[in-house]
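J.: Build me a model from this:
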Amino acid sequence: MDLREVQALNTLVFETLGQPERAREFKLKSLKSWGFDLLYGKKGGKSCYFTSEKARKVGDKYTEGGVEYEVEKVVSKLSTKQKIFANIEMELGRAYLVAELWEEEGSTEILRVPAASLLVALFKKNRYGNLLEAVRNVGTTTELIKKKGEEGKPLPYEELPGEVIKFLRKAKSIEKDAGFGRLALAYFGKNKEGRPRYWLSWLLPTIALFDLELASKVNKCLDVWK
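T.: Numbers count the residues shown, from 1 in each chain. Predicted structure coming up:
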């Protein structure tokens, strides 16, 4: 076999099949962990819920994006009839995180931000260095890429070292929690200095990475690839 055939054959692919999750319910504390407060008051003269990155207090009046806001309440707890759902929307090739507050009367959009910008900010804030280094592109799914050393002939699964097998098992568990995943790995062995050579691409649902508990597991899982 020539090199290209060996690379195609031994680049291992592990898939958790299904449609990537686009929407997920989040708690109010998740919204806060993203750096936003939920407020109630006047937005453009209309009473509704909205969010702010800056700390606000009751009575504050301010203008953003040409829209006037007046804060009447800083929400610290949702009622039993209120829920927050966030989803990923694509526009001109860019992913946006869109959050809505759902009530019996209907839903109100409370947040719309570029998903990639917020993910990077969260990875920095929470010191998820592995994720910060690996994130490459963000859509409905986010692609994480790690690579090191010169490429060569990838090893088959049976010849992978124990720490790589352990990584694959952890990754599979994470994909199960996320509901979707696709991991491609080419492991080329170690160089003369004993350092591993590899290339991997890992796709996970973007909305799942806004669950910081799951993001933390992904970050720890990537520890093996130093």
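
J.: Now for Tyr49: which residues touch it?
T.: Tyr49 sits next to 38-40, 75, 101, 108, 110 when contact means C-beta atoms under 8 Å, 6 or more residues apart in numbering. Bear in mind the C-beta positions are built from the backbone N, C-alpha and C, glycine included.

J.: Sorry, wrong one. I was asking about Asp37.
T.: By C-beta under 8 Å, 6+ apart, Asp37 lies in contact with 31, 51-52, 55-56, 74-75.

J.: Can you give me the buried ones in the longest helix anywhere in the chain?
T.: Using DSSP state H, we find that the single longest helix of the chain is helix 162-178. Residues 164, 167-168, 170-171, 174-175, 178 are the ones in helix 162-178 that count as buried (16 or more other C-beta atoms under 10 Å).

J.: With only the CA atoms kept, save the helix or strand bottoming out on mean pLDDT in the chain in CSV.
T.: Lowest on mean pLDDT, DSSP states H and E among the helices and strands of the chain sits helix 3-10, with a mean of 82. What follows is helix 3-10 as a C-alpha-only set of coordinates in CSV (Å, rounded to 0.1, in the frame of the first residue of the first chain):
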residue,chain,number,x,y,z
LEU,A,3,1.3,6.2,2.0
ARG,A,4,-2.0,7.8,1.1
GLU,A,5,-3.8,4.5,1.3
VAL,A,6,-2.2,3.7,4.7
GLN,A,7,-3.2,7.1,6.0
ALA,A,8,-6.8,6.8,4.8
LEU,A,9,-7.0,3.2,6.2
ASN,A,10,-5.5,3.9,9.6
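
J.: Show me the helices in this protein, by range?
T.: Using DSSP H, the helices of the chain run over 3-10, 28-33, 115-125, 129-134, 162-178, 206-209, 212-221.

J.: Point out the other helices and strands that the second one packs with.
T.: Secondary structure elements in contact with helix 28-33, counted by 3 or more C-beta pairs under 8 Å, 6 or more residues apart in numbering; DSSP states H and E, are strand 37-43, strand 83-91.

J.: ranking those strands by burial, who's on top?
T.: strand 37-43 (a mean of 19; mean count of other C-beta atoms under 10 Å).

J.: The closest residue to Phe167 other than its chain neighbours: what's it in contact with?
T.: For Phe167, ignoring the flanking residues on the chain, the nearest one in space by C-beta to C-beta, 6 or more residues apart in numbering is Val224 at 4.8 Å. Residues in contact with Val224, defined by C-beta under 8 Å, 6+ apart, are 163-164, 166-167.

J.: Which residues are in contact with the closest residue in space to Tyr198 that isn't next to it in sequence?
T.: Of all residues not flanking Tyr198 in the chain, Tyr187 sits nearest, at 4.9 Å (C-beta to C-beta, 6+ apart). Listed by C-beta under 8 Å, 6+ apart, the contact set of Tyr187 reads 12, 154-155, 160, 164, 196-198.
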